[in-house]
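Trainee: fold the following for me, if possible:
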Amino acid sequence: MTIASLASIKIEHQYFKDKTDSSLELLPSAKTEALLKRYKLRWRFNQGIFNIRSLNKEALPNGKLDSPLIYYLCSHDGLFEQYSDIPFHNGGLTWVEYHKYKEARCEFGPPNRLLKNEIPENDNVPEYCIAIIAIPCHQKYLVEPLLDVRPKILSIHARAFFWKISLIHQRLSTDTNLVLQAENQQLPEFEEETTDDVISGYPVSEFRSKKEIKCRESGYKKLQLRIGDKTIIESLPNPKIQQVSCEGERLYLRSLVYI
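Mentor: Model (predicted):
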């Protein structure tokens, strides 16, 4: 039997060490579900890889569908938007953040016009939808087995934040000349800022990164606290993605460290 592979996509997430986000799910729009049934197309989404196929190479008129298949990309992780940055793509595939699409509708240009025509206002979009993907299906390659098809890559970026490290002087005097530095070039330089903050009754020294840092699942290991030539904390904990604060137009991840 000859398998007609219509589309193969791999969704990678740069936040995760293995680039696989197990919280993701793909769900077809109502119109797409009708097309899948009409042409008896089979699709699967597993471990970030989406495949759609037809067991009949003559299944589609002229070897393609007149309209793209619309899928809702959903996440079951309530913190997804904290660590994810969905870029805008329009190269063979079209996808866009759902909340931006919903707010702007036709203002985004060709991809949004395309999506507007394909998604009716009353379509049952899942509440946890994070993006909409438009997948053109062309029966342009026939392979056996299906795994020989190289998938197109859609990459979700890890979100970048400025870091704020608040050192709470529980034992050390505030007169101590502290230096916060990264052991290698994975992290940018930090600079100390003057603050009158008091936490739990203790004074605070505050360091902020000069540049944004992309968050990631495995974190960064070598952010050291030093006094002169002496290292007093070999590796400070990375800020957690739940600890987001906004100052002006800047987003910060804040970490509290008792010293």
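
Trainee: what segments of the stretch 101-250 of the chain are helices?
Mentor: Assigned by DSSP state H, counting those that start in this stretch, the helices in the stretch 101-250 of the chain fall at 110-118.

Trainee: let me see the ranges of the strands in it.
Mentor: For the stretch 101-250 of the chain, the strands defined by DSSP state E, counting those that start in this stretch cover 129-135, 141-143, 152-158, 160-168, 178-182, 190-193, 198-199, 202-209, 213-214, 223-227, 230-233, 244-247, 250-258.

Trainee: who are the packing partners of the third one?
Mentor: When you say that, I think you mean strand 152-158. strand 3-13, strand 84-85 (3 or more C-beta pairs under 8 Å, 6 or more residues apart in numbering; DSSP states H and E). C-beta here means a position set from N, CA and C on the backbone, and glycine is covered the same way.

Trainee: dump those to JSON lines, plus mean neighbour count.
Mentor: Shown next, in JSON lines, are the helices and strands packed on strand 152-158 (neighbours: other C-beta atoms under 10 Å):
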{"stretch": "strand 3-13", "mean neighbour count": "21"}
{"stretch": "strand 84-85", "mean neighbour count": "18"}
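
Trainee: domain ranges for the protein?
Mentor: 3-158, 160-258 (automatic domain parsing).

Trainee: quick one: mean pLDDT over the last one.
Mentor: Right, the one you point to is domain 160-258. For domain 160-258, the mean pLDDT works out to 84.

Trainee: do you know the pLDDT at the spatially most central residue of the chain?
Mentor: By C-alpha atoms, centre = their mean, the chain has its centre lying nearest to residue 84, at 3.0 Å. The model reports residue 84 with a pLDDT of 87.
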